[in-house]
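Asks: Got a predicted structure plus its sequence, pasted below:
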2 protein chains.
Amino acid sequence: MGAVTTADRAPKQDRSRATRLRLLEAAVSCLAEHGWAGSTVSVVAERAGVSRGAAQHHFPTREDLFTAAVEYVAEQRSTALRALPAQDRASVVAALVDLYTGPLFRAALHLWVAASNEPQLGSRVTELESRVGRETHRIAVELLDADESRPGVRETIQGLLDMARGLGLANLLTDDGARRERVVAQWTVLVEGALRSSPSAV
Amino acid sequence: MGAVTTADRAPKQDRSRATRLRLLEAAVSCLAEHGWAGSTVSVVAERAGVSRGAAQHHFPTREDLFTAAVEYVAEQRSTALRALPAQDRASVVAALVDLYTGPLFRAALHLWVAASNEPQLGSRVTELESRVGRETHRIAVELLDADESRPGVRETIQGLLDMARGLGLANLLTDDGARRERVVAQWTVLVEGALRSSPSAV
């Protein structure tokens, strides 16, 4: 009997896990497409083909669902970045900038902006963003093979990620790809210079 | 009688102009504090102490009011920037970054993000943002005394403004002032280097 129970439990856990993932992915697409005002647990449940009750079992509140969704996709993204093969700094800068031009950035931006006006969302999103931000910074330092003990290097990478975020914003309403490519090419040169030499020698 | 009519008309025009300005200023504060979802013509009219009818006389639609409001404050900001005394590049970079950390940026960000999901707002905000963006770029080139005929200079300044926008986003939920100051100091060094030399010499 024990064997049967274990065998039963495993597929049930798998199904529950699959449902959770479907909800998270539907939540990110929903947020990216419709913004916070158009994103509710019911809308996401329907999109994921899951009952509202099942959705609420996994995520009791709207805030739970959407912060978990943005965190889940951010983690996937970090994993993909860490798995990149060793490559030149220009490709790394391009990959970092790409983080901020897709649906995840759109979704995160909607959550971020909504959080600035909704206190119950504010503290959770602040905490989430700072965690994701630190992780992205850590990965950028690794991939760029940067020595943060040298003056100016840490701030160079922070500024690069701030620029990437600004480029993401510029891409929100129109396809800004051609301009972005030129800006990124030039700033790659500047960042490479800063990572090579001390700030005063740039 | 003619003299009386002219005398009557002038104060009336003044009053109408004053009402318009009150509405525009109330609209920007409203958008910054409550976001697009919480910003309607009625809310702004009440905040400005103006009747709803008078507000609709000036701005027939919600889109008219809020795009005009963001444009009005952007113009004020440009005028203030142009009036800055000649000063070192570090101060100019700091002034440019400051553009993206106040209530105007918050208001514009809300309008921008709302426009990404609302077609009737999208084309107007896209047009507005590109106009304001070109103007800000032009002022930055002037204040930084940059020679855009030299390779890489244009993209250096664009990237700087993208970074400023990204720093504004990072400041939305928490006071990011201390980190921002260090990033701006380092990126000022990089920008000064790029404006001095050709990109390949950096």
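Replies: Alright, I've got the coordinates.
Asks: Just give me the residue closest to the centre of chain A.
Replies: A:Ala74 (3.3 Å; CA atoms, centre = their mean).
Asks: Just the buried positions in the helix or strand that one falls within, please.
Replies: Under the assignment given by DSSP states H and E, the secondary-structure element containing A:Ala74 is helix A:62-82. By neighbour count with 16 or more other CB atoms under 10 Å in any protein chain shown, helix A:62-82 contains the buried residues A:62-63, A:65-74, A:77-78, A:81. Backbone N, C-alpha and C define where each C-beta goes, glycine included.
Asks: do stretch A:81-94 as well
Replies: When neighbours are counted by 16+ other CB under 10 Å, the buried residues of stretch A:81-94 are found to be A:81, A:89, A:92-94.
Asks: List the residues that contact A:Gly122.
Replies: If a contact means CB atoms under 8 Å, 6 or more residues apart in numbering or on different chains, then A:Gly122 has A:115-116, B:173 as its contacts.
Asks: among those residues, who's most crowded?
Replies: Most neighbours among those, by other CB atoms under 10 Å in any protein chain shown: A:Ala115, with 24 neighbours.
Asks: before we move on, what SS does A:Val50 have?
Replies: Reducing the assignment to helix, strand or coil with DSSP: H, G, I helix; E, B strand; the rest coil, the entry for A:Val50 is coil.
Asks: next one: A:Glu181
Replies: Under three-state DSSP, the three-state class of A:Glu181 is helix.
Asks: do the longest helix along chain A and chain B meet?
Replies: The helix of greatest length in chain A, counted in residues with DSSP state H as the criterion, is given as helix A:2-34. Yes: counting by CB under 8 Å from any CB of the partner chain, chain B has neighbours in helix A:2-34: A:33-34.
Asks: where are the low-confidence patches of chain A?
Replies: Counting by pLDDT under 70, the ranges of chain A that qualify are A:1-8, A:197-202.
Asks: cutoff 90 now
Replies: Scanning chain A with the threshold set as pLDDT under 90 gives A:1-15, A:37, A:73, A:77, A:80-87, A:101-104, A:117-120, A:173-174, A:196-202.
Asks: Show me what stretch A:29-44 is in contact with.
Replies: Against stretch A:29-44 from outside (CB under 8 Å, 6+ apart): A:23, A:26-27, A:47, A:52, A:55-56, A:59, A:61-62, A:65-66, A:69-70, A:103-104, A:106-107, A:110-111, A:113-114, B:36-37, B:113-114, B:116-117.
Asks: okay, now A:Asp175: neighbour count?
Replies: Once other CB under 10 Å is used to define contacts, A:Asp175 is seen to have 9 neighbours.
Asks: cool, A:Ala32 as well?
Replies: When neighbours are defined as other CB under 10 Å, A:Ala32 has 21 of them.
Asks: likewise A:Gly133?
Replies: Burial of A:Gly133, expressed as a neighbour count using other CB under 10 Å, amounts to 15.
Asks: Would you point out the most distant pair within the buried residues of stretch A:81-94?
Replies: A:Leu81 and A:Arg89 (14.3 Å; CB to CB).
Asks: Buried residues of stretch A:132-148, list them for me.
Replies: Buried positions in stretch A:132-148, judged by neighbour count with 16+ other CB under 10 Å: A:132, A:135-137, A:139-140, A:143-144, A:146.
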